[in-house]
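Visitor: Next one to model:
(chains A and B)
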Amino acid sequence: MVPAFEGRRFEKLNDIIERNGRTPSSLIPILQEVQEEYRYLPEEVLTYVATALGLPPSAVFGVATFYAQFSTEPKGRFVIKVCDGTACHVRGADTVHFAVRRAAGLEPGRKTTDDLTFTVEQVNCVGACSMAPVVTVNDRRVYGDMTQKEAAALVERLRKEAEEEPVPTEGAGDGVGTAGERAADGAGGAAG
Amino acid sequence: MAVDIKMTPPSAGEDKAWMTIDGRQVPVEGERNILEVARKAGIDIPNFCYHSELSVYGACRLCLVEVEGRGVVASCSTAPEAGMVVHTNTQRIRRLRRLTLELILADHDRECTTCVKSGACRLQELANRFGLDRVRFGERDGREPVDTSSPSLVRDPNKCILCGDCVRMCSEVQGIGAIEFAYRGSETAVVPAFDKGLGDVDCVNCGQCVQVCPTGALTVRSETERVWEAIHDPDTTVVVQMAPAVRVALGEAFGLDPGTQAAGKVVAALKSLGVDRVFDTTFAADLTAWEETHEFLRRRKEGGPLPLFTSCCPAWVRYCEQYHADLLKNLSTCRSPQQMMGSVLKRYWAPRQGLEPDRVFVVSLMPCTAKKFEAARPEFVREGCPDVDCVITTGEAAAMIREAGIDLESIPEEPFDNPLGMGSGAAVIFGTTGGVAEAVVRTVAGIVHGQDAPRVDFTPVRGHRGLKEATVDLSGGDGKGESGDRVRVAVVHGLARAGELVRAVKEGRVDYDLVEVMACPGGCVGGGGQPVGPGETRAARSRGLYRIDRRSQLHRPQDNPHIARLYREWLGEVGSHMAHEALHTRYHPHRRIEGVRATASTPAAAGAAAAGAEGDAFAAAKVPGEPLEVSVCVGTGCYLRGSHHVLRVFNRLLDERGLRDRVNLSATFCLEKCDRGVSVKVGDRLITGVGPDTAAEVFEREVSGRAAGPVETPGRRQG
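Guide: Numbering: from 1, shown residues only, chains lettered A, B, ... in the order given. Now for the predicted structure:
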C-alpha cells in the first residue's frame, strides 16, 4: 500500500483540491475524488483537506461520516454491495445480505474483513430492479437474481481469485487510478 | 381553544407592530423570533438549544408553540409578525413537550444521582417542570466510553442530547470548532475530529462548551479530591491563591447576587475547610502588570516586536501556538498571574517559611478551566515539582464548601494572609475584559508621572463590547500629542474576534501597540469554570470588580508595597536574571491534532507525527543503503506558506535528477516549527524557513548530494 502522503500521490491530492477550488463548498466533490484515489478517506488526508479549505478538521470528519458514500476505514479488495432498494428488498435482499456476510466471515458490526479481502455493504437502489435481488462487486460486476446459495458461491469464487492472484504488498495494486478500472480484472484492492 | 379577544388596540399614531401571546398584546421591537418576544412578556418558553449569543439552530423542538393559521412552529426559529396570535400552553403543546422530553430522556444516561450536573441540569429541571413522572422507554443497550483525555474537561457522550450548543459556541464564539456533529441518524454524536479525545485535538480548554451544555455531557474535570487529600495530609502545607474573578462569582452558588464581593467569606470558608494559607492572585497580577509594562516599554524603545499581545490567558496562548505561530514573538513573555504566584510561592515564600517546596501544595482557585492545562505545562514544572499543584474552578470550590456544610452567607469574613494577600485595584480588574490593558496603562502613567500620577480610569476599554480601541498619550496629554508618545490599545474577548483582529494585524489593516486578549466572553468573569448564569451575569460580575477597584486604596501596581519588597529581597531589578527565570516563559508552536495516524508503511512519517521533539523519530540507528527519507511539513502554518508548492518542486526535481529510487519523499504533519517558515526534514536534519522560491536550491543542497552519495537514513521496520 503506497502511503497516503507519498510525494507523487500527495501531488495528486493537491491537484484534486486545486481543481475543485479551495473553498468550503468544494468539500464534497473533493472528498469524492479523494476517495476514488485512496479508496477511503485516511485521517491525514482529511486533516490536509481541512487545512487547505480553512475548515476545522472536526467539520470535515463530520461530513465524511455523515454520507454513506464515504468511508473512513480502508476498504477490502472486493467491495460487495448488496442492493436493498424496494424491488430487491421485497425479493429477499436481506437474506442475500446475510449470506454474503456469513460467507465472507464478517463479525456483527464489521463491514470489512481483517485481511482486507472483503467489504460488504448494503446500499440503496443500484438501478437494476428487473434482476432483483442484485449484488455488485467493485461497482463493475453485476449479479442478478441472487439467492443465498449463489451469494455464498460468489464469495467463494472471489476468495479463490484472491488466493490465486495475491495482490503485491506494495506498489501497483493499491487502487491508484480509478477503483473501478482495476477492479474489473480483479487486481484492484487495498489488501496488503 | 379560548382565544382572548379583548384586543387592546395599539394606541393611535404609534407604528409599533403588535402580536398576541397567550391573549396578551405584546409589542414587537426588533426581536429575532417569537421566543424572545415571549420572554419579554414574561413567558419562559422551554428550550435547550436557544442561546441569544449563538445562531438559531432549532434542534431540540421543545420551544414549540401554536400560531393561529399556521399550526405548530418552533418559536426560536419563527420570526414575529404583526397580528400573529400565539399560544404557548395549549393541550397539544403540553403533550408535545412532554413527549419530546421523554424521547430525549430515552437516549440519555439517567443516572442522575451520580451526575455532577445534578441540580444544575437543564434537562432535569425541565423534566421536573413539566411533571414527567415516567419514561416509557428502557435504558440504552450500550455505553460510550467517557472522554477524560483533556486536562480541563470531561466529555460524557452518554449524556449528550445533541442540542449543538457546544458546537456552535466553539465555532461561532471561539472560532475553533474542536467539536462537531459526526455520523448520522441514530448514530449522530458530537465528537472531536476523528473521534479522538478532546485532549488530542485543537481544543484550547476554555470551557465555554461547559458553560452552555444543558446536561452533564461536558463538565469541568474535577480535582477536588486531590485538594481534600492534601488538606488531610498533616505533612503538607496547603496554600490557596484566589483569582480576581472568583470573588464576584462564587457567592452566586450560595444565593448571593452576581458581582457581590465575597472574597472575605471565601477566605473564611477555605480556612474552615482546613486550608493553611489563602493568598490573593492579585498580588501576582500586580507583578505581571509591572513586568509586562517594562517589557512593553523596552519593546517600544528597542523597536519591537509590536504589537505586544498579553499572555495571561492560557486558552489564548494555546490558540496562538496552534494557529498563529508567527505571532508568538509578539506574545508577552510574562507568565500569567497564576504561574507567577506559583513561582513566588514555591521559590520565595516556602523557603522563607522553612518549608520544602514539595511539601507545599499550591492550589489555584480560578474562574478558568484552561488554567488546569496551564499549570500542567512542562514549562512550569521544575525538577518534577509543579509551581501550581492543582487548579480548582469557582464551581469546584463551591462544591467543596457545600460538601463541608458551610453556610457562606453567614460565615464571618476573614482577610487574606500576608504578605501575598494584597493587590492593587489595577490587579483586581485583571478579571474582566479590558482590565489587563488598563492595569498596564496605569503602570505606565505611574512610571511617567511618578508620585504625581493622577488616578487613571481608562473607561474606553471597559464594558463588554466586542472590540475596544483607545489611544493613550504617555506625555500626559489628551491622546493627540506626538505620535511617539501615543500608545494604541486594542482589547478583544472571544477567540473568534481575536482571530479576526490577528488577521487584520497581519494584513496591516490595523496598527496597535498593545493588544489585550481574553478567550472567554467578558474576560475571566465569564470563564469556563464560573457558575452558569445568563449573559447579564458576566456584566454584573465585571461591575463588581470595578466597584472593588474604586474602593481600593492601592490604585496601581507600583502602589503595592509588597511588590517593591519582593524585588528588594529576591528578584533584584526588573529584567534581572532571577526575574526572567522565575517570572517569564517561552511559547512553542503546537500541532492542532495529535498523533494523526500515519500510514503503517511509513514509520518515518508516523514517528514525525507522534514525536514530541525534533529528532525523536530518528533516534534509530542509520542503515546505509536505504533510501533517504525526505518529508515536507503540510501542517497549517507551513501550508499557508506554500509547502505544497515546495513538495511539487521536490517531486519534479526527483524525476529530473533520476533520484526517485534513492529518496522516499512524503508529506507529513506538523513538525512544530511553524514560526520559521516551511519545514523540511531530510534524514535526521530539520531544515526550516524553506519557501517555494528557495525549494530548488534547498533540494540541490540538502537532498541531491546526500541521496546520490552513500545513503544515511533512519532505521525502518520495513522497506
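
Visitor: Spell out the secondary structure type for whichever residue of the stretch 551-700 of chain B sits closest to chain A.
Guide: Distances between the stretch 551-700 of chain B and chain A by Cβ to the nearest Cβ are smallest at B:Leu665, namely 3.3 Å. C-beta coordinates here come from the backbone N, C-alpha and C atoms, glycine included. Here B:Leu665 is recorded as strand under DSSP: H, G, I helix; E, B strand; the rest coil.

Visitor: Spatially nearest residue to it (excluding sequence neighbours)?
Guide: With Cβ to Cβ, 6 or more residues apart in numbering or on different chains as the criterion, B:Leu665 has its nearest non-adjacent residue at 3.3 Å, and that residue is A:Gly7.

Visitor: got the contact list for that neighbour?
Guide: By Cβ atoms under 8 Å, 6 or more residues apart in numbering or on different chains, A:Gly7 lies in contact with B:647, B:650-651, B:654, B:665-667.

Visitor: Could you measure from it over to A:Val63?
Guide: Here the criterion is Cβ to Cβ, to the nearest Å. By it, A:Gly7 lies 27 Å from A:Val63.

Visitor: Around chain B, pick out the residues from chain A.
Guide: For chain A, the residues in contact with chain B (Cβ under 8 Å from any Cβ of the partner chain) are A:1, A:3-8, A:10-11, A:14, A:42-44, A:46-48, A:50-52, A:55-62, A:65-68, A:72, A:170.

Visitor: of those, buried ones?
Guide: Buried subset of the residues of chain A next to chain B (neighbour count, 16 or more other Cβ atoms under 10 Å in any protein chain shown): A:1, A:3-7, A:10-11, A:14, A:42-44, A:46-48, A:50-52, A:55-62, A:65-66, A:72.

Visitor: what comes into contact with the lengthiest helix in chain A?
Guide: The longest helix of chain A (DSSP state H) is helix A:148-164. With Cβ under 8 Å, 6+ apart as the contact definition, helix A:148-164 has outside contacts at A:77-78, A:80, A:95-96, A:98-100, A:102-104, A:117-118, A:135, A:137, A:143, A:146, A:186, A:189, A:191.

Visitor: Please spell out the PyMOL selection for the buried subset of those residues.
Guide: Here is the PyMOL selection string for the buried members of the contacts of helix A:148-164, based on 16+ other Cβ under 10 Å:
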select buried, chain A and resi 77+78+80+96+99+100+103+104+117+118+135+137+143+146+186+189+191
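
Visitor: Now stretch B:118-128: average pLDDT?
Guide: Averaging pLDDT along stretch B:118-128 gives 94.

Visitor: Give me the domain ranges for the chain.
Guide: With no chain named, the answer covers chain A. Split into domains by automatic domain parsing, chain A comes to A:7-66, A:78-184.

Visitor: Wait, chain B was what I had in mind.
Guide: Split into domains by automatic domain parsing, chain B comes to B:17-89, B:101-221, B:225-583, B:603-708.

Visitor: possible to save these as TSV with mean neighbour count?
Guide: Shown next, in TSV, are those (neighbours: other Cβ atoms under 10 Å in any protein chain shown):
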stretch	mean neighbour count
domain B:17-89	18
domain B:101-221	19
domain B:225-583	21
domain B:603-708	20
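
Visitor: closest to A:Asn20 out of these?
Guide: Taking Cβ to Cβ, domain B:603-708 is the member of these nearest to A:Asn20, at 14.5 Å.

Visitor: where in chain A is pLDDT low?
Guide: A:1-4, A:167-192 (pLDDT under 70).

Visitor: can you give me the strands for it?
Guide: A:78-83, A:118-123, A:135-137, A:141-143 (DSSP state E).

Visitor: can you check the stretch 401-550 of chain B too?
Guide: For the stretch 401-550 of chain B, the strands defined by DSSP state E, counting those that start in this stretch occupy B:467-473, B:486-493, B:514-518.

Visitor: now the stretch 201-350 of chain B
Guide: Taking DSSP E, counting those that start in this stretch as the test, the strands found in the stretch 201-350 of chain B are B:218-220, B:237-242, B:277-280, B:308-309.

Visitor: Neighbouring strands of the third one in the sheet, and parallel or not?
Guide: Going back to what we said before, that points to strand B:277-280. Next to strand B:277-280 in the sheet, as set by DSSP bridges, lie strand B:237-242 (parallel).

Visitor: likewise the first one?
Guide: Strand B:218-220 has its sheet partners listed here by DSSP bridges as strand B:153-155 (antiparallel).

Visitor: ok, and what's touching the partner strand?
Guide: Contacts of strand B:153-155 (Cβ under 8 Å, 6+ apart): B:146-148, B:197-198, B:203, B:205, B:207, B:209-210, B:217-221, B:369, B:528.

Visitor: same thing but 10 Å
Guide: Contacts to strand B:153-155, defined as Cβ atoms under 10 Å, 6 or more residues apart in numbering or on different chains, come from residues B:116, B:144-149, B:166, B:179, B:190-192, B:197-199, B:203, B:205-207, B:209-210, B:213, B:216-222, B:369-370, B:372-373, B:528.

Visitor: Show me the beta-bridge partners of the residue of the stretch 551-700 of chain B closest to chain A.
Guide: In beta-bridge terms (that is, DSSP bridges), B:Leu665 pairs with B:Val630.

Visitor: which residues touch it?
Guide: Applying Cβ under 10 Å, 6+ apart, the residues near B:Leu665 are A:5-8, A:10-11, B:627-632, B:647, B:650-651, B:653-654, B:659, B:703.

Visitor: and what of B:Gly635?
Guide: With Cβ under 10 Å, 6+ apart as the criterion, the residues that contact B:Gly635 are A:47-48, A:51, B:322, B:325, B:589-593, B:596, B:609, B:643, B:667-674, B:678-679.

Visitor: In strands only, show me the residues you listed.
Guide: B:667-668, B:678-679.

Visitor: could you pull out the helices for the stretch 401-550 of chain B?
Guide: Assigned helices in the stretch 401-550 of chain B, in chain order: B:425-428, B:435-449, B:495-506, B:535-551 (criterion: DSSP state H, counting those that start in this stretch).

Visitor: Count the neighbours of A:Gly54 for me.
Guide: Neighbour count of A:Gly54, defined by other Cβ atoms under 10 Å in any protein chain shown: 12.

Visitor: wait, I meant A:Asp115
Guide: For A:Asp115, the count of nearby residues is 13 (other Cβ under 10 Å).

Visitor: can you tell me how far it sits from A:Phe78?
Guide: 11 Å.

Visitor: quick one: which of the strands of the stretch 201-350 of chain B is nearest B:Ser75?
Guide: Nearest to B:Ser75, of the strands of the stretch 201-350 of chain B and by Cβ to Cβ, is strand B:218-220 at 25.5 Å.

Visitor: can you list the residues that contact that closest one?
Guide: Residues from elsewhere that reach strand B:218-220, judged by Cβ under 10 Å, 6+ apart: B:115-117, B:147, B:152-157, B:159-160, B:165-166, B:169, B:179, B:190, B:198, B:207-213, B:368-369, B:372, B:392-396, B:399, B:528-529.

Visitor: 8 Å instead?
Guide: B:116-117, B:152-156, B:166, B:207, B:209-210, B:213, B:369, B:393, B:395-396, B:528-529.

Visitor: Stretch A:107-118 too?
Guide: With Cβ under 8 Å, 6+ apart, stretch A:107-118 has contacts from A:73-78, A:80, A:104-106, A:119-121, A:155, A:158-159, A:162, A:189-192.

Visitor: No further queries at this time; thank you.
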